[in-house]
Structure formats: structure tokens, C-alpha cells
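Visitor: Sequence first, then the predicted structure:
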Amino acid sequence: TEEKEDQTLTLLRMTRLSPLAILLGKGTSRMLGALLLLAAQVPFTLLAVTLGGVSTAQVLRGYAVLGATLFLLCNLALLCSVVCRTPLRSAVWTGIHCTLAFVVLPFICIAAEFRNTAPYSFAPQSPWQHFALGTIEANPVYMLAMLLFESRTPVSVAKHVWVNLGAGAVCFLL
């Protein structure tokens with residue numbers, strides 16, 4: 001979007017770089033900068049382990065969730081910046097998609113899940129309930145809350161990480 005707004009996209013295209021190389025150069029550098037900012041916080045968060053109540057595995061799984069979500073958000077923003085003409089419009093569309101994916105859709109799924117579930121039975125029984133449960137588990141707020149309030153059994157974040165990495169890859173490929 002910035003290249004379109006500054007009218008330098010044609011100059012960038014004259015370098016004979018492929019569109020994939022341009023996207024990797026623009027998107028990956030910013031994503032790596034954000035990941036480095038996230039990684040810089042790990043030692044300070046590990047201080048919570050010494051204070052008690054949090055394990056090292058919980059902290060590392062929490063950062064895996066945040067990293068996968070960051071990958072999805074960076075690639076969603078990259079997709080919106082390719083489609084939109086101005087940075088403001090790109091930011092608005094990214095915000096709308098994030099609100100729909102991380103706020104509205106999980107609430108719809110939670111409402112539908114509890115409405116159609118038999119009392120005291122939380123096992124998904126229909127394809128919609130499997131989709132609803134997957135959508136809820138793919139939400140980073142839900143997963144971080146599950147990590148924070150886990151008891152003796154560890155919470156697996158692999159499904160959340162793979163869903164967000166896959167969705168980010170789809171956004172990048174689009």
C-alpha cells in the first residue's frame with residue numbers, strides 16, 4: 001500500500017523482482033521485527049517463574065500462541081495492503097477482519113455451541129459443533145486463558161499454532 005501511495009510500485013516492478021520476492025521483502029522484514037520485539041520480552045516473562053505460580057512450559061507455550069497469532073495478523077495485514085489502495089483503508093479492513101475472526105465469530109460459535117449442546121455434555125456431535133469448537137480453540141484469547149488457568153494437565157497449543165500458521169500461509173498465498 002505504501003508503494004502504491006508513494007507511486008513507487010512501478011519502480012519496484014522495474015527491478016524484475018517477482019511479486020513473491022516483493023511480498024517477502026516487505027512483509028517478512030516487518031514480521032521479523034515484531035517477532036524480535038516479542039522475543040525480547042521472554043526473559044522478563046520468565047521472571048514470573050521464579051515468583052511462582054507459572055511454569056516455564058506455560059510461558060513458552062504462551063509465546064508460541066502469540067507468535068503464531070502474530071504470523072496470521074502480519075499476513076492478513078499484508079493481504080489487505082495488497083488489495084487496498086491506501087494505508088488507512090488497509091488498516092480498517094485488517095481491523096474489520098480481526099474483529100470478525102477474533103471477537104464476533106467466537107461469540108457466535110459459543111452461543112450456538114451452548115444452545116445446541118445437551119446439558120453436562122460438551123463433546124461435539126455435529127459438523128457445526130466441531131467447527132464452533134475449532135473456532136473457539138483457534139482464538140488466542142481463549143488459548144492464553146486456558147494456559148493461565150490450566151491445572152495439573154498441560155494444555156496443548158499445537159492445534160492453535162497450526163491453525164494460525166495455516167491461515168497466515170493462506171493469507172500470504174492469496
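Guide: Done, it's in.
Visitor: So what's the gap between the lowest-mean-pLDDT helix or strand in the chain and the chain middle?
Guide: Across the helices and strands of the chain, mean pLDDT, DSSP states H and E gives its lowest value to helix 2-5, namely a mean of 72. Centre-to-centre, helix 2-5 and its host chain are 25 Å apart (C-alpha atoms, centre = their mean, to the nearest Å).
Visitor: do you know how far I22 is from V82?
Guide: For I22, the distance to V82 (C-beta to C-beta, to the nearest Å) stands at 10 Å. Using the backbone N, CA and C atoms, a C-beta is placed for each residue, glycine as well.
Visitor: hmm, back to that, of all the residues in the least confident helix or strand of the chain, which ones are buried?
Guide: Judged by neighbour count using 16 or more other C-beta atoms under 10 Å, the buried positions of helix 2-5 are K4.
Visitor: got any ranges where the chain has weak pLDDT?
Guide: For the chain, applying pLDDT under 70 flags the ranges 1, 113-125, 151-153.
Visitor: List the residues that contact the residue minimising distance to the centre of the chain.
Guide: Geometric centre of the chain, nearest residue: T69, 2.3 Å, by C-alpha atoms, centre = their mean. Residues near T69 by C-beta atoms under 8 Å, 6 or more residues apart in numbering: 140, 164.
Visitor: do you know how far it is from F102?
Guide: T69 is 9 Å from F102, by C-beta to C-beta.
Visitor: Identify the contacts common to these two.
Guide: P140.
Visitor: C-alpha coordinates for the least confident helix or strand of the chain, PDB please?
Guide: What follows is helix 2-5, C-alpha atoms only, in PDB (Å, rounded to 0.1, in the frame of the first residue of the first chain):
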ATOM      1  CA  GLU A   2       2.800   2.400   0.800                       C
ATOM      2  CA  GLU A   3       4.400   1.700  -2.600                       C
ATOM      3  CA  LYS A   4       1.100   2.400  -4.300                       C
ATOM      4  CA  GLU A   5       0.500   5.600  -2.300                       C
END
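Visitor: Would you mind identifying the next helix or strand past it?
Guide: Downstream of helix 2-5, the next assigned helix or strand under DSSP states H and E is helix 9-13.
Visitor: who touches the next helix or strand after that next one?
Guide: Toward the C-terminal end, the helix or strand that comes next after helix 9-13 (DSSP H and E) is helix 19-23. Applying C-beta under 8 Å, 6+ apart, the contact partners of helix 19-23 are 12-13, 78, 82, 172.
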